[in-house]
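Chemist: Dropping the sequence and predicted coords here.
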Amino acid sequence: MLSPSYPQRAPRGTAGALRAWQQEALDQFFEQNKRDFLVAATPGAGKTTFALTVARELRHRGEIDRIVVVCPTEHLKTQWADAAARVSIRLDPEFSNQSPYLARHYHGAVVTYAQVAVKSSVHRKLVADARTLVILDEVHHGGDALSWGDAIRDAYSVATRRLLLSGTPFRSDDAPIPFVEYLPDEQGLRTSVTDYNYGYGRALEDGVVRPVLFHVYSGHMKWRTKMGDELEAFLGQDNTKDVTSQAWRTALDPEGEWMPAVLRSADLRLTEIRHHVPDAGGLVIATDQTNARAYARMLKEITGQPATIVLSDEAEASRRIEQFSESTSRWMVAVRMVSEGVDVPRLAVGVYATSSSTPLFFAQAIGRFVRARRKGEAASVFLPQVPVLMELAHEMEKQRDHVLDRGEKDADGLDDSLLDAAEREEKASDELMEEEFSFQSLGSVAHFDSVVFDGKQFGQLATPGTEEELEFIGLPGLLEPEHVHDLLMQRQARQSRHRSEREKREQESGGVGSLPEPLHRTLKEQRQLLNSLVGVYANQTGDPHGTVHAWLRRTCGGPPVAQATVAQLQARIDVLRKRVRR
């Protein structure tokens, strides 16, 4: 039986009652009365409030005297301490290995996993000196490295209670996460056991998180390899792993046309949302510092306003995040600061401009945009048309337990060992200078591909800035989840009508023979568009690009692409548009 003091509302200092899931999890925590309790809840659901409610109740019952929170980054130490202070729990975010003494006026401390790994004996003494609740925030970090897991196990094995929190999919490798229970599944593989799970699907139904629309962009890419060969490919077609990687890298190159086009479209989407949510902000997630600075310059040219740049998790970066969170400025560009717990609730538009592709990093990144503040808010994330990202976007609601014994890769073929690189500044210029000179981007052009929502795709290939793309950029800024699917179906139909009307106008203006106004006004752009459509059609038919180009020459006449006129290129584009649309 629960004591009469069992809380039915949030701790003093917070507003309103606990959310339904928080109350359910709280019920189970005290009913099961386990030493270790694992809660997996989608980002933005309110894990911090839940954990502090548990801590406050345990202190009120006299079961614990001290609270220790372990989190992934320095930035989050202050964030946890501030949240705890609002419910009258005093945590020291400055506790250090060099001065390992907790002042009497503190109820506990906030430390990082890395800090514990450096000197676990200090943290073991902190816990052993009093009856302690240890809150392991984003506990999957306990499996990041064998030394980290050993240190956490050594430091906190003597804790009175341990509350384990996670908001993202666990890693899948051979390193057990300390204090997590594992049981064999049907295949005999050891799989983590979650005591309470609150996934994105249910959180969306409850209105706790926003619906996420993924605006997907493909396009034609051209680059030169270190051997001097010039290659080209359509981003999103069925390429080899190496070609996909190089095409993806070409798309993200600030010198190309792909990123400026996508950033312009993302800013248009942000403007539409700000009509309804005036303080809505956007976040570009960059691969490295060089690209981050270049993207910030692009955004200033597009918007006329400077973008906030966040390059690391140092104190200055934390201050910039806080300032952006409290302001109404439009854009922030970040490299690392998208990991768990970075809380900027007004973020509504994201641009995934990083080469990181692990399920864990993807979940962390998308988690920055799902926190709901008011009824009807929706989030938009702009993605490159890369197969691994498309799979992750389609499976937004899929839960992945921590499975041991699988070896290097999950059954889904996604290599989680890339996580370390994904969470660091991946390309320090001095270390990768030689590699930078071995690859050269020669050009890129962006095309709107589709919108992914609830595992389904809507829309057709379109050029940025056209009415066909604007049907999906101009979606209302406030959308109820149950209405999103119907609205996307309507916009897809309107996109088709816009395209038919444009083609009719082109035919009435004289057809191919009398040189109708082309969709793009230069030969270069016409060739890029034609090559993009060839890539799509080749992907559909399985034919090589050269075969498709030869068929177009036989069908439409004219010389090879390099010598073709605007009218000849337009004729081939028109033929392919009809084929691709089927």
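Modeler: Looks like it arrived, so ask away. Numbers count the residues shown, from 1 in each chain.
Chemist: Can you identify each of the helices in the stretch 301-450 of the chain by residue range?
Modeler: 315-326, 359-367, 387-394, 419-422, 429-438 (DSSP state H, counting those that start in this stretch).
Chemist: The nearest residue to Gln440 once chain neighbours are set aside - how many residues pack around it?
Modeler: Leaving aside its chain neighbours, Gln440 sits nearest to Arg224 (4.4 Å; criterion: Cβ to Cβ, 6 or more residues apart in numbering). For every residue, glycine as well, the C-beta is placed using N, CA and C. By the criterion of other Cβ atoms under 10 Å, Arg224 has 15 neighbours.
Chemist: picking up where we left off before, any idea which of the helices of the stretch 301-450 of the chain has the lowest pLDDT on average?
Modeler: Mean pLDDT is lowest for helix 419-422 out of the helices of the stretch 301-450 of the chain, coming in at a mean of 38.
Chemist: Would you mind writing the CA trace of stretch 108-120 as PDB?
Modeler: Coordinates of the C-alpha atoms in stretch 108-120 are reproduced here as PDB (Å, rounded to 0.1, in the frame of the first residue of the first chain):
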ATOM      1  CA  GLY A 108      23.100  16.300  -3.400                       C
ATOM      2  CA  ALA A 109      25.100  16.800  -6.500                       C
ATOM      3  CA  VAL A 110      25.000  16.700 -10.300                       C
ATOM      4  CA  VAL A 111      27.900  15.100 -12.100                       C
ATOM      5  CA  THR A 112      28.700  13.700 -15.600                       C
ATOM      6  CA  TYR A 113      29.500  10.200 -16.700                       C
ATOM      7  CA  ALA A 114      32.900  11.300 -17.800                       C
ATOM      8  CA  GLN A 115      33.600  12.800 -14.400                       C
ATOM      9  CA  VAL A 116      32.700   9.500 -12.700                       C
ATOM     10  CA  ALA A 117      34.900   7.600 -15.100                       C
ATOM     11  CA  VAL A 118      37.900   9.700 -14.200                       C
ATOM     12  CA  LYS A 119      37.800   8.900 -10.500                       C
ATOM     13  CA  SER A 120      35.000   6.600  -9.400                       C
END
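Chemist: Pull the distance from that stretch to the chain's centre.
Modeler: Distance of stretch 108-120 from the chain centroid (Cα atoms, centre = their mean, to the nearest Å) equals 27 Å.
Chemist: mind listing what's buried in that stretch?
Modeler: Gly108, Ala109, Val110, Val111, Thr112, Tyr113, Gln115, Val116, Ala117, Ser120 (16 or more other Cβ atoms under 10 Å).
Chemist: same question, stretch 18-25
Modeler: So stretch 18-25, judged by 16+ other Cβ under 10 Å, has buried residues Leu18, Arg19, Trp21, Gln22, Gln23, Ala25.
Chemist: Which ones among those lie within helices?
Modeler: Mapping these onto helices (DSSP state H) picks out Trp21, Gln22, Gln23, Ala25.
Chemist: okay, these in a markdown table with distance to Pro560 and pLDDT next?
Modeler: Output for these, formatted as a markdown table (distance: Cβ to Cβ, whole Å; pLDDT from 0 to 100):
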| residue | distance to Pro560 | pLDDT |
| --- | --- | --- |
| Trp21 | 61 | 94 |
| Gln22 | 65 | 95 |
| Gln23 | 69 | 95 |
| Ala25 | 65 | 96 |
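Chemist: Which of these sits closest to Asp92?
Modeler: Closest approach between these and Asp92, by Cβ to Cβ: Gln22, at 25.7 Å.
Chemist: which ones are touching the closest residue to the closest one other than its chain neighbours?
Modeler: With Cβ to Cβ, 6+ apart as the criterion, Gln22 has its nearest non-adjacent residue at 4.6 Å, and that residue is Phe50. In this structure, Phe50 makes contact with Leu18, Gln22, Ala25, Leu26, Val39, Ala41, judged by Cβ atoms under 8 Å, 6 or more residues apart in numbering.
Chemist: Now name the helix or strand holding Phe50.
Modeler: helix 47-60 (DSSP states H and E).
Chemist: Partner strands of whichever helix or strand comes after that helix and their direction?
Modeler: Following helix 47-60 in sequence order, the next helix or strand is strand 66-71 (DSSP H and E). With DSSP bridges as the test, strand 66-71 is paired with strand 108-112 (parallel), strand 132-136 (parallel).
Chemist: right, so of the ones you listed, which gets closest to Val561?
Modeler: Ranking these by their distance to Val561 (criterion: Cβ to Cβ) puts strand 108-112 first, at 55.5 Å.
Chemist: C-terminal to the closest one, what's the next element?
Modeler: Using DSSP H and E, the first helix or strand after strand 108-112 is helix 113-118.
Chemist: okay, and the helix or strand of this protein with the least pLDDT?
Modeler: Least confident helix or strand, the chain: helix 419-422 with a mean of 38, by mean pLDDT, DSSP states H and E.
Chemist: And the strands in the stretch 51-200 of the chain?
Modeler: 66-71, 91-92, 108-112, 132-136, 161-166, 182-184, 190-192, 196-198 (DSSP state E, counting those that start in this stretch).
Chemist: likewise the stretch 401-550 of the chain?
Modeler: Using DSSP E, counting those that start in this stretch, strands in the stretch 401-550 of the chain cover 440-453, 456-458.
Chemist: now swap in the stretch 201-350 of the chain and tell me
Modeler: Under DSSP E, counting those that start in this stretch, the stretch 201-350 of the chain gives strands at 212-224, 230-235, 281-286, 308-310, 331-334, 347-353.
Chemist: Please work out which residues outside the fifth one touch it.
Modeler: Read it as strand 331-334. Contacts of strand 331-334 (Cβ under 8 Å, 6+ apart): 267, 270, 281-286, 292-293, 295-296, 299, 303, 305, 307-311, 320-321, 324, 344.
Chemist: rewinding a little: need the buried residues of stretch 18-25 in TSV (columns: distance to Gly455).
Modeler: Converted to TSV, the buried residues of stretch 18-25 look like this (distance: Cβ to Cβ, whole Å):
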residue	distance to Gly455
Leu18	30
Arg19	25
Trp21	22
Gln22	27
Gln23	29
Ala25	27
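Chemist: mind checking how far the nearest residue to Glu395 once chain neighbours are set aside is from Met390?
Modeler: Nearest non-adjacent residue to Glu395, counting by Cβ to Cβ, 6+ apart: Gly455, 7.1 Å away. As judged by Cβ to Cβ, to the nearest Å, Gly455 and Met390 stand 11 Å apart.
Chemist: So which residues of the stretch 451-582 of the chain form helices?
Modeler: Using DSSP H, counting those that start in this stretch, helices in the stretch 451-582 of the chain cover 467-473, 481-508, 523-541, 545-556, 566-580.
Chemist: winner for burial among those?
Modeler: Burial of the helices of the stretch 451-582 of the chain is given as mean neighbour count (mean count of other Cβ atoms under 10 Å); helix 467-473 ranks first at a mean of 22.
Chemist: Show me what it is packed against.
Modeler: helix 258-274, strand 440-453, helix 481-508 (3 or more Cβ pairs under 8 Å, 6 or more residues apart in numbering; DSSP states H and E).
Chemist: which stretch among the ones you listed comes nearest Gly219?
Modeler: strand 440-453 (4.4 Å).
Chemist: Can you give the distance of that closest one from its chain's centre?
Modeler: Put simply, strand 440-453 sits 18 Å off its chain's centre (Cα atoms, centre = their mean).
Chemist: tell me the mean pLDDT for it?
Modeler: 89.
Chemist: Which strands or helices does it pack on?
Modeler: Looks like strand 440-453 contacts strand 212-224, helix 241-252, helix 258-274, helix 387-394, strand 456-458, helix 467-473, helix 481-508, helix 523-541 (3+ Cβ pairs under 8 Å, 6+ apart).
Chemist: Could you export the ones you listed to TSV, including columns for distance to Thr78?
Modeler: Below are those laid out as TSV (distance: least, Cβ to Cβ, whole Å):
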stretch	distance to Thr78
strand 212-224	28
helix 241-252	32
helix 258-274	28
helix 387-394	31
strand 456-458	41
helix 467-473	37
helix 481-508	33
helix 523-541	47
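Chemist: among those, which is nearest Arg153?
Modeler: Nearest to Arg153, of the helices and strands packed on strand 440-453 and by Cβ to Cβ, is helix 387-394 at 31.0 Å.
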